[in-house]
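# Quick check, what structure comes out for this input:
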Amino acid sequence: MPCFALAQQSDNENGTYTNPIIWSDFPDNDVIRVNDTYYMVTTSMYFFPGVPILKSKDLVNWEYASNAVQRFKQHPFYDLNGGNRYGHGQWASSLRYHKGKFYVLFVTLDEGGMLLTADKAEGPWVLHKLPKAYYDAGLFFDDDNRTYIVHGFSKLSITEVDENLSPTSKDSVIFDKVQRKGLEGSHVYKINGYYYIYATYGGGDGYQVALRSKNIYGPYEEKVVLKDDMNLAGKGVHQGALVQTQTGQWWSIIFQDRDGVGRVPTLQPVTWIDNWPMVGENGKAVVTYRKPDVGKNWPVTVLPTSDEFEKNTLGLQWSWNHNPDDSCWSLSARKGYLRLNTAKVVNNLPQARNTITQRIFGPYSTATTEFDISKMINGDIAGLGILQNPYSYIGIAMKSGHKKIIMVDNGKIIDSAEINNTNTIYLRASVVTTTDEVTFNYSFNNLKFTPIGNIFHMQFSLKMFTGNRFVLFNYATEKLGGYVDINWFRMDTRKGPANLFKANTRIEAEMYDEKQHAHVETCKDIPGLKDQDVSVQNEGALTFDQIDFGKGYKSISIRIASDNQGGEIRFFIDDQQKPIGKLAIHNTGGMQKFDTVSAKIDQIIGKHRLTMKFFGATGDECKINWFVFANN
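As a prediction, the model looks like this:
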């Protein structure tokens, strides 16, 4: 198995972790603990198998347990027959464990309320259609053997239900004095005599609140428990769940919208203050923090990504775009290959059946795959793509008996290349999730790769409502009968501790582990570039826990902007009081005018904690964009 077969990790291997705990599209989190194992459900909407259930021993290192729903039979649109379910499908779920059984309650906007039950998180799961829909529902089993569901958008209601989750009471409005439109994502708890509704004011700038009452029917009082955008300007950390460890600690898994890659889960400590669950630390979401105390240490685990297609089943990381036609794909027709037969005559990729998908991981992911295209027929288009709205791909198109490589940006052919008497093609898509940029390459020998087309810019459209995904596809535009064989799919992502940086690579300022008197802003000096700065005030600081200086470097260069003069940045390693160097801050012509400046430092060897401290000016002293160490 190739060394790049696994996704990024958040465990720093030193007793800490760095958010996000999974840098990929796992939104609408609900989390529970059963004995010493934690389980999480997330939203997958129109991808099947879907409704992923993950498990962990320490809330940091996660693995797949199951995909609870194999396919949706509720409407032909789930088969891409007569329409589609983009932006619809399974929505924000509630996960509970009660009397030896797992429950997942969710809603689809079109088909109504759904309940999944299982004896084990690994399944099998049984799907039940409910007589009533509960929007963004929170399932709650009270200690008096009564069961309730809290649900709604902007106006929250409660409904008592029986053991089959059928209503036994009318909906009762329990909270409608909202701060703004969009209160949703309710999860319900009973802690120290209070009923809590843990909910969010949604949107890209969303924030988290708690409602509490001594009576489940209210009245409820409300408190903001986290309103912070962590290290991504304007993107609030919100919507998730509370969970208590077996040692008594409280934590929240709660997501952040990160544009093209999707909505990523973060792990935040919870401190109870005056019976309110305050999230983060000192009102701010944490970036790097000590791991939860779960009574013992657990090894690093990372989610699978790459696949050699050598098994007779697909890995749990794979999902089809809508329901697949199982007669048109195979892992056994040719041993060691995934065969994709054309399944439907369509005009474009979003309409195609049997498009197989996998989540993209940040901060970067590069997917490479090998195609055997010898059995394509006229009108077939096969390849490797990025699916959202807009979409893009690199593919092989066959027309009038001739095959060529094409790069397509949202339906438009941008570039093409000839294929010279070969039936084996290697395709590559490289994604930088921090800039949402994608580039495509092809090769005839898996050694030399040639770029093709333009830079594709990923977006997060509510018309799709999921993060961008890698896709493998083969569709017909003229007639059925052709197929391709895919030998392997390999994804290369960041490896090792999440906050370990090599000193001689450019380190973005917003990748800090801790900050003081500083905040992240969108960089505006280069129009159209998705970039961020950290604005630091006098006596502020940025700390990076793990910088690998290798055999040593003698200087540091910083891209900086300032309208002050006379201040300086001092550089400290570990907890030493004496700086290893200083950099004088000069006026660059304004806080949007950047310059790259350098300073000498004492030569440092090995891995160290680096802190930049800022002195000597009032107000915002400067903005830091990135820094790098060198030997000159």
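
# can you list the weak-confidence ranges in the stretch 451-600 of the chain?
527-528 (pLDDT under 70).

# All the strands of it, in order from the start?
Under the criterion DSSP state E, counting those that start in this stretch, strands of the stretch 451-600 of the chain are mapped to 469-476, 483-493, 500-502, 507-508, 514-522, 532-548, 553-562, 568-573, 581-584, 590-604.

# Looking at the ones you listed, which one is packed in the most?
strand 469-476 (a mean of 25; mean count of other CB atoms under 10 Å). From N, CA and C alone the C-beta is placed, and that goes for glycine too.

# quick one: that one to chain centroid distance?
21 Å (CA atoms, centre = their mean, to the nearest Å).

# list the helices and strands it packs on?
Judged by 3 or more CB pairs under 8 Å, 6 or more residues apart in numbering; DSSP states H and E, strand 469-476 is in contact with strand 338-341, strand 356-359, strand 364-372, strand 380-387, strand 392-399, strand 483-493.

# Can you redo those as CSV, where the extra columns are distance to residue 68?
Shown next, in CSV, are these (distance: least, CB to CB, whole Å):
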stretch, distance to residue 68
strand 338-341, 23
strand 356-359, 17
strand 364-372, 25
strand 380-387, 22
strand 392-399, 30
strand 483-493, 24
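
# okay, now residue 136: neighbour count?
A total of 25 residues lie near residue 136 under the criterion other CB atoms under 10 Å.

# Run through the residues that contact it.
If a contact means CB atoms under 8 Å, 6 or more residues apart in numbering, then residue 136 has 91, 92, 107, 151, 152, 153, 184, 185, 186 as its contacts.

# In the sheet, which strands lie alongside the helix or strand containing the third one, parallel or antiparallel?
Secondary-structure assignment from DSSP states H and E places residue 107 in strand 101-108. Partner strands for strand 101-108, per DSSP bridges, with pairing direction: strand 90-98 (antiparallel), strand 112-118 (antiparallel).

# Pick the most deeply packed of those.
It is strand 90-98: most buried of the strands paired with strand 101-108 by mean count of other CB under 10 Å, with a mean of 22.

# Let me see the mean pLDDT of that one.
On average, the pLDDT along strand 90-98 is 97.

# now swap in stretch 59-69 and tell me
Taken as a whole, stretch 59-69 carries a mean pLDDT of 98.

# Which positions within that stretch qualify as buried?
Neighbour-count burial for stretch 59-69 flags 59, 60, 61, 62, 65, 66, 67, 68, 69 (criterion: 16 or more other CB atoms under 10 Å).

# Need the nearest residue in space to the first one, chain neighbours excluded.
Translated: residue 59. The shortest distance from residue 59 to any non-neighbouring residue, by CB to CB, 6 or more residues apart in numbering, is to residue 292 (5.0 Å).

# can you give me how far stretch 426-438 is from the chain middle?
How far stretch 426-438 lies from its chain's middle: 15 Å, per CA atoms, centre = their mean.

# now do stretch 339-355
Per CA atoms, centre = their mean, the centroid offset for stretch 339-355 relative to its chain is 26 Å.

# Just the buried residues of that stretch, please?
Those would be 339-344, 346, 349-350, 352-355, for stretch 339-355 by 16+ other CB under 10 Å.

# what two of these are the furthest from one another?
339 and 350 (22.2 Å; CB to CB).

# Would you reformat the contacts of residue 136 as TSV and include distance to residue 452?
Putting these into TSV (distance: CB to CB, whole Å) gives the following:
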residue	distance to residue 452
91	38
92	39
107	42
151	48
152	49
153	44
184	42
185	42
186	47
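
# Going by neighbour count, which of the residues you listed are buried?
Judged by 16+ other CB under 10 Å, buried ones among these: 91, 92, 107, 151, 152, 184, 185, 186.

# Run a quick neighbour tally on the nearest residue to residue 317 once chain neighbours are set aside.
Spatial nearest neighbour of residue 317, excluding adjacent residues (CB to CB, 6+ apart): residue 304 at 5.1 Å. Residue 304 has 17 neighbouring residues, counting by other CB under 10 Å.

# what separates residue 304 from residue 486, distance-wise?
Going from residue 304 to residue 486 by CB to CB, to the nearest Å gives 17 Å.

# Show the backbone phi and psi for residue 78.
phi -70, psi -20 (degrees, to the nearest 10).

# mind listing what residue 375 touches?
Counting by CB under 8 Å, 6+ apart, residue 375 touches 482, 483, 484, 485.

# Now it: phi and psi?
Dihedral angles for residue 375 - degrees, to the nearest 10 - are phi -110, psi 20.

# Go ahead and confirm residue 172 touches residue 156.
No - with contact defined as CB atoms under 8 Å, residue 172 does not count as touching residue 156 (9.9 Å).

# who's more crowded, those two?
Comparing residue 172 with residue 156 by neighbour count (other CB under 10 Å), the higher total belongs to residue 156, at 26 against 14.

# what's the pLDDT at that one?
In this model, residue 156 carries a pLDDT of 98.

# hmm, back to that, distance of the residue nearest to residue 317 from residue 173?
From residue 304 across to residue 173, the span is 45 Å (CB to CB).

# Same question for residue 104.
Counting by CB to CB, the gap from residue 104 to residue 173 is 26 Å.

# Pick out whichever of those two has more residues nearby.
residue 104 (25 against 12).

# contacting residues around that one?
With contact taken as CB under 8 Å, 6+ apart, residue 104 is in contact with 41, 51, 53, 68, 93, 94, 95, 115, 116, 117, 125.

# I figured the third one was touching residue 120, is that so?
Spelled out, that is residue 53. No - contact criterion CB under 8 Å: residue 53 and residue 120 do not qualify, at 9.9 Å.
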